[in-house]
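Enquirer: sequence isn't available, so here's the structure alone:
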């Protein structure tokens, strides 16, 4: 068994322990439909989570959004945010960053499907002061696997007691935000 296999199994075990009525996982057809609508492939680990764990409903705090479907979904949120960004003087949302969960207050966790490790980004629009949105993007984790490990360990900045602990790393400004927003990628 690989490290990724072990991680997916541990995520699945925690997901089931926290939610007895998880949505069913998605099939290959739904993954293909999502990728077709997005115009790029899901990060492989993200695809495995939706295929092997559940169609959202697990993860930190507000939990992962469903991949497709009525209401708020990963694909729906991404397409709406990209539509508002394409051709805008100051694009808000970079290509390839999938909003996987909302933190509330218009904040999102997003997986950069164009990065090898699937960087997890935080979009926090509250500091926006007009002009470029790059000040609203933060690197939460260098990769999706590390982000999931942080959640499994109860060691994320988003945990209830995080502000009382010294060992919790807070998201840092995303150094690629300005270039990714400007280039459309």
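Expert: Yep, that arrived. Please read all numbers here as calculations on a predicted model, not as lab measurements. Numbering: from 1, shown residues only.

Enquirer: the top helix by length along the chain packs against which elements?
Expert: For the chain, the longest helix by residue count, based on DSSP state H, is helix 3-18. Packing partners of helix 3-18 (3 or more Cβ pairs under 8 Å, 6 or more residues apart in numbering; DSSP states H and E): helix 44-52, helix 144-153. In short, each C-beta sits where N, CA and C put it, glycine included.

Enquirer: what residues does that helix touch?
Expert: If you take Cβ atoms under 8 Å, 6 or more residues apart in numbering as the criterion, helix 3-18 is touched by 22, 45, 48-49, 52-54, 57-59, 145, 148-149, 152.

Enquirer: just the buried positions in it, please.
Expert: Neighbour counts over helix 3-18 (16 or more other Cβ atoms under 10 Å) mark 7, 8, 11, 12, 14, 15 as buried.

Enquirer: output the residues you listed as JSON lines; include the columns distance to residue 116 and pLDDT.
Expert: Listed next are the buried residues of helix 3-18 as JSON lines, based on distance: Cβ to Cβ, whole Å; pLDDT from 0 to 100:
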{"residue": "7", "distance to residue 116": "16", "pLDDT": "98"}
{"residue": "8", "distance to residue 116": "18", "pLDDT": "98"}
{"residue": "11", "distance to residue 116": "20", "pLDDT": "98"}
{"residue": "12", "distance to residue 116": "24", "pLDDT": "97"}
{"residue": "14", "distance to residue 116": "25", "pLDDT": "96"}
{"residue": "15", "distance to residue 116": "25", "pLDDT": "97"}
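
Enquirer: could you export those residues to a markdown table, including columns for distance to residue 111?
Expert: Putting these into a markdown table (distance: Cβ to Cβ, whole Å) gives the following:
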| residue | distance to residue 111 |
| --- | --- |
| 7 | 15 |
| 8 | 15 |
| 11 | 14 |
| 12 | 18 |
| 14 | 18 |
| 15 | 17 |
